[in-house]
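> Model the following, please.
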Amino acid sequence: MKHYLRLELNRAFRGRYMAIALLVGCGLSLWHFYDYIWPLRTCVLQGSYPLSSFDRWIGGENYSFQAKIYFMFLPILCALPHSASWLFDGASGFGNQAVIRWGQREYVRAKYLATFLSGAAVAVLPLLFDFLVTNLAAPAVCPQAGYGLSPINETKLWSDLYFSHPFLYLSAYLLMDGVFCGLFTTLSLTGTIFLRNRYLVQLLPFLAYMGHYVCDCHGEP
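Residues are numbered from 1 along each chain as shown. Predicted structure coming up:
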């Protein structure tokens, strides 16, 4: 399985669709930095209280236009590199050869893991890039709850960790995003059982994500 898993990871991470997904994600990050973060440098230069990068990066706020676009269409970007590879393997005959050579169970495991990891990477790497470039204009000072400048308050998840150990909170946040997006991306593999259209398969994580969002909003009082 190790040999085939290595092959699947190479297909997922070295393909042009992975490059496209990362370029789009990092492009949105640079747009966010230019439009929203770069003007904040004047606060630092004037000696006023610095706005923390933990409060202003694209994963730490939800009111900028770039953040809304990024998180809305993130499932599509995550599905782009490798979610439709099962269809390609079936059409080309590569899948049958892989099953005969390595076994169906190993083939499915490697395919699932490569799809999960590629989706997680597309979700996490642009976010990490955005946090790093945000620190070019806003310092990584520890957020202060009493100033009311942070989008996180005492009622939010892991708020104590956010205000006491922000880097640990950031690591947990990125890990949670990676796992969540990776799992949603693997829904495309299930879709290949019923669908034969590449674009519908790649849209399944987005449709599931939007369904979850609508149900969550509908359930709010």
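> ok, longest helix in this protein?
helix 104-134 (DSSP state H).
> any idea how far the most centrally placed residue in the chain is from residue 160?
Taking Cα atoms, centre = their mean as the criterion, residue 123 is the residue nearest the geometric centre of the chain, at 1.6 Å. Plainly put, residue 123 is 25 Å away from residue 160 if you go by Cβ to Cβ, to the nearest Å. C-beta here means a position set from N, CA and C on the backbone, and glycine is covered the same way.
> coming back round to it: I'd assumed residue 74 was in contact with the residue nearest to the centre of the chain.
Yes: at 6.0 Å, residue 123 counts as touching residue 74 under the criterion of Cβ atoms under 8 Å.
> list the residues that contact both of those two?
Residues touching both residue 123 and residue 74 (Cβ atoms under 8 Å, 6 or more residues apart in numbering) are residue 181.
> Okay, now the unreliable bits of this protein?
For the chain, the stretches flagged by pLDDT under 70 are 1, 43-50, 91, 95, 146-150, 153, 155, 216-221.
> Mind doing that once more with 50?
Applying pLDDT under 50 to the chain flags residues 220-221.
> where do the helices sit along it?
According to DSSP H, the helices that the chain contains are 2-13, 16-32, 41-45, 53-56, 65-79, 85-92, 94-102, 104-134, 159-164, 166-185, 187-191, 198-219.
> winner for burial among those?
By mean neighbour count, with neighbours taken as mean count of other Cβ atoms under 10 Å, helix 53-56 ranks first of the helices of the chain at a mean of 24.
> From the chain's centroid, how far away is that helix?
18 Å (Cα atoms, centre = their mean, to the nearest Å).
> Please export the C-alpha coordinates of that helix as PDB.
Output of helix 53-56 as PDB, limited to C-alpha atoms (Å, rounded to 0.1, in the frame of the first residue of the first chain):
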ATOM      1  CA  SER A  53      -2.800  40.000  13.700                       C
ATOM      2  CA  PHE A  54      -4.800  37.300  15.500                       C
ATOM      3  CA  ASP A  55      -7.900  39.600  15.200                       C
ATOM      4  CA  ARG A  56      -7.400  40.700  11.600                       C
END
